[in-house]
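# sequence unavailable; structure follows:
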């Protein structure tokens, strides 16, 4: 790590990627923590001894910062209090600064909102991957904390978590905390409709209800649904429910109204149902490719369902008749 990169952070000009790089560098060696503290100390002393410290930093700006006893930095330390200041600097402040830096970064959450009609996948700081469905929102820290890895989810997402038993991965939703004991799972957390469910593809999960603290443990092939503060756990009935990560929508087990709500999000369109009764979907199973568009999806359903539709592209409205 170049001293110029550290100075950039101290001046508040580092990007999130640069901050993550700095924390990984600090975590790699106690010597790095000491070096960071030495540079930080000189940087802060510029407020008191501006000209001397800036000259010192300028001399070192093109090479890694190494400060040894007998150099200019100890003379500055002596001017600030002698041996006591040096002891604090070299034997205590380094580790405290490291803790402060990690805690500071882990409390800085950023958010990612996925527009309707789109899907996004990202890789988090620990290497875990997250696929976000249309309309989902993920809040995550720039750098995970020292004790746990926590993210906050609204909407639907698929997680593939890097294993680290010393740092549990937790997905916080409006209904439940999902603690990852395994690797790959899908979560739906729709606070507006009070809908929460999760499907575990492999590994194990621990669910903890946010209000009552009631819990449940899932194993591979289990799914859980949340209703009135309680979890119902059963074997997965339809693995096609997670095919959205492949750009597909499953019609299995969906009512016409439920499917139209999914279409609205997936195709970024408003659907109005202008009829007294809902059509019945005649397919027992099947998948519709999102990239083929809303008109194609509705024409597929028309093969077994009795309805017509009109599409006004200017108003971005589909009306079901």
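Nice, I can see it. Here the structure is a predicted model, which is why all the values come from computation and not from measurement. Numbers count the residues shown, from 1 in each chain.
# all the helices of the stretch 51-200 of the chain, in order from the start?
With DSSP state H, counting those that start in this stretch as the definition, the stretch 51-200 of the chain shows helices at residue ranges 72-79, 83-88, 94-106.
# same question, the stretch 201-321 of the chain
256-267, 294-302.
# got those helices as a markdown table, with mean pLDDT columns?
Output for the helices of the stretch 201-321 of the chain, formatted as a markdown table (pLDDT from 0 to 100):
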| stretch | mean pLDDT |
| --- | --- |
| helix 256-267 | 87 |
| helix 294-302 | 88 |
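# to residue 150, which of those helices lies closest?
Between residue 150 and these, the shortest separation by C-beta to C-beta is 25.8 Å, and it involves helix 256-267. Glycine gets a C-beta too; all of them are placed from N, C-alpha and C.
# so that closest one versus helix 294-302, what angle?
Put simply, helix 256-267 runs at 160 degrees to helix 294-302, going by axes from the mean of the first three to the mean of the last three C-alpha atoms, to 10 degrees.
# what lies in contact with helix 256-267?
Contacts made with helix 256-267 from outside it, assessed by C-beta atoms under 8 Å, 6 or more residues apart in numbering, are listed as 116-117, 133-135, 244, 249, 251, 254, 269-271, 273, 278-281, 290, 293-294, 297-298, 301, 305, 320.
# list the buried residues in that helix.
For helix 256-267, a neighbour-count test (16 or more other C-beta atoms under 10 Å) marks 256, 259, 260, 262, 263, 264, 265, 266, 267 as buried.
# separation between residue 312 and residue 181?
The gap separating residue 312 from residue 181 is 49 Å, by C-beta to C-beta, to the nearest Å.
# got a list of what residue 268 touches?
Residue 268 makes contacts with 115, 116, 117, 118, 134, 316, as judged by C-beta under 8 Å, 6+ apart.
# can you pull the phi/psi pair for it?
Phi and psi for residue 268, reported as degrees, to the nearest 10, are phi 50, psi 60.
# quickly list what the residue nearest to residue 272 when sequence neighbours are not counted is bridged to.
Distance criterion C-beta to C-beta, 6 or more residues apart in numbering; nearest residue to residue 272, sequence neighbours excluded, is residue 319 at 4.9 Å. Here residue 319 sits in beta bridges with residue 272, residue 310, as judged by DSSP bridges.
# what are the buried residues along stretch 227-239?
Along stretch 227-239, these residues count as buried under the neighbour rule (16+ other C-beta under 10 Å): 231, 236.
# can you check stretch 165-179 too?
Of the residues in stretch 165-179, those scored as buried under the neighbour-count criterion (16+ other C-beta under 10 Å) are 169, 170, 171, 172, 173, 174, 175, 176, 177, 178, 179.
# quick check, nearest of the residues you listed to residue 128?
Nearest to residue 128 out of the buried residues of stretch 165-179 is residue 169 (C-beta to C-beta; 6.7 Å).
# the closest one touches residue 160, doesn't it?
No. Residue 169 lies out of contact with residue 160 (C-beta atoms under 8 Å); the separation is 10.6 Å.
# who touches both of those two?
If you check residue 169 and residue 160 against C-beta under 8 Å, 6+ apart, the residues they both contact are residue 128.
# find the residue closest to residue 156 in space, skipping its chain neighbours.
Residue 156 sits nearest to residue 133 (C-beta to C-beta, 6+ apart), 4.0 Å away.
# let me know the pLDDT of that neighbour.
Listed pLDDT for residue 133 reads 90.
# check residue 237 too.
According to the per-residue confidence, residue 237 scores 77 in pLDDT.
# any idea how far residue 228 is from it?
With distances defined as C-beta to C-beta, the gap from residue 237 to residue 228 amounts to 21 Å.
# just to revisit the earlier point, with neighbour count and distance to residue 233 as extra columns, can I get the contacts of residue 268 in JSON lines?
What follows is the contacts of residue 268, written out as JSON lines (neighbours: other C-beta atoms under 10 Å; distance: C-beta to C-beta, whole Å):
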{"residue": "115", "neighbour count": "11", "distance to residue 233": "33"}
{"residue": "116", "neighbour count": "13", "distance to residue 233": "31"}
{"residue": "117", "neighbour count": "15", "distance to residue 233": "33"}
{"residue": "118", "neighbour count": "15", "distance to residue 233": "32"}
{"residue": "134", "neighbour count": "21", "distance to residue 233": "27"}
{"residue": "316", "neighbour count": "12", "distance to residue 233": "40"}
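# in strands only, show me the residues you listed.
Counted as lying in strands by DSSP state E, out of those, is not a single one.
# what would those look like in JSON lines with distance to residue 24?
Compiled in JSON lines, the contacts of residue 268 are given as follows (distance: C-beta to C-beta, whole Å):
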{"residue": "115", "distance to residue 24": "31"}
{"residue": "116", "distance to residue 24": "35"}
{"residue": "117", "distance to residue 24": "35"}
{"residue": "118", "distance to residue 24": "30"}
{"residue": "134", "distance to residue 24": "33"}
{"residue": "316", "distance to residue 24": "44"}
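# how far does stretch 301-309 stretch from start to finish?
When the termini of stretch 301-309 are compared using C-alpha to C-alpha, to the nearest Å, they are 11 Å apart.
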